[in-house]
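*Asks:* Quick one, fold the following:
(2 chains)
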Amino acid sequence: DQQVKQNSPSLSVQEGRISILNCDYTNSMFDYFLWYKKYPAEGPTFLISISSIKDKNEDGRFTVFLNKSAKHLSLHIVPSQPGDSAVYFCAASAGGGADGLTFGKGTHLIIQP
Amino acid sequence: DVKVTQSSRYLVKRTGEKVFLECVQDMDHENMFWYRQDPGLGLRLIYFSYDVKMKEKGDIPEGYSVSREKKERFSLILESASTNQTSMYLCASSVQAKLFFGSGTQLSVL
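*Replies:* Down below sits the predicted model:
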C-alpha cells in the first residue's frame, strides 16, 4: 500500500526547458515533504523541502509546489541542465520524521542536449 | 557538512554467509536508519534507531538485524545472506526530518 506515489518512472526533457516531476500521497498525517536526487552508485542527496503550512518553496532553479487538498506536490526545475539527469525521489514525513521518511519509487529524469 | 560513511562501496558474499554493513556519522545525530534501494521499488526502510541500544523495525525487517552500541555507529546484519538480499544498502542519519545519506553499499549475494 503505497503512501507516496511517483507515477512516472521516467521523464525526458530538452536542455533549457522546464522539468516537472510529480508526486502524490495518501496519508493526511504527512506534514513535511522532501525531494532527493540520486546519481548511480551514490547515496541520495537532499534537494529541497516544503512544510505543509506552505504551498511553495523556491531555491534557485528548483521550486516545489504543494497542493494539500489534492495531496499532490511537484518539483519544477528551470532551466533544465545536463547535470540534472538523475533519479528523483519524493519523500514525506509525519510528526517530525523520527520514524524516517516514506519514499516514492522515483522518477528517472533524462535531460536531452 | 554532515558526513555519513559506509565502510564498503561494493561487497560480494555467498548465500548463507553472515554479513555486516557498517555506518558511521559525525554529526552526533540521535536518529539513524538503514534503507535498501531496488530498481522500481524506491527506498524501503529496514530498521531505524532513536538512540544507543534502541532499535525499531521498519517496513521490511525480515532477514535483518541491527546493532547500535555507540551513538555514531549503526550496523546492519544479515544473519544468513540470501540472493534476494542483493541490493543497494543506504545508511542515513537525520535531524528534523531531513535525512543525510551515505554513499551506499552495493551488496551482491551469489
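*Asks:* Any idea which residue of chain B lies closest to chain A?
*Replies:* Across chain B, the shortest distance to chain A (C-beta to the nearest C-beta) belongs to residue B:97, at 2.7 Å. All C-beta spots, glycine's among them, are computed from the backbone N, C-alpha and C.
*Asks:* Contact residues of chain B facing chain A?
*Replies:* For chain B, the contact set with chain A under C-beta under 8 Å from any C-beta of the partner chain comprises B:4, B:9, B:31, B:33, B:35, B:40-45, B:48, B:50, B:56, B:58, B:90, B:92, B:94, B:96-104, B:106.
*Asks:* Quick check: closest non-adjacent residue to the residue of chain A most remote from its centre.
*Replies:* What lies farthest from the middle of chain A is residue A:113; by C-alpha atoms, centre = their mean that is 22.6 Å. Using C-beta to C-beta, 6 or more residues apart in numbering or on different chains and skipping residues adjacent in sequence, the residue nearest residue A:113 is residue A:15, 5.4 Å away.
*Asks:* and residue B:84, helix, strand or coil?
*Replies:* Following DSSP: H, G, I helix; E, B strand; the rest coil, residue B:84 is assigned to helix.
*Asks:* on that earlier part again, give me the number of neighbouring residues for the residue nearest to residue A:113.
*Replies:* 13 (other C-beta atoms under 10 Å in any protein chain shown).
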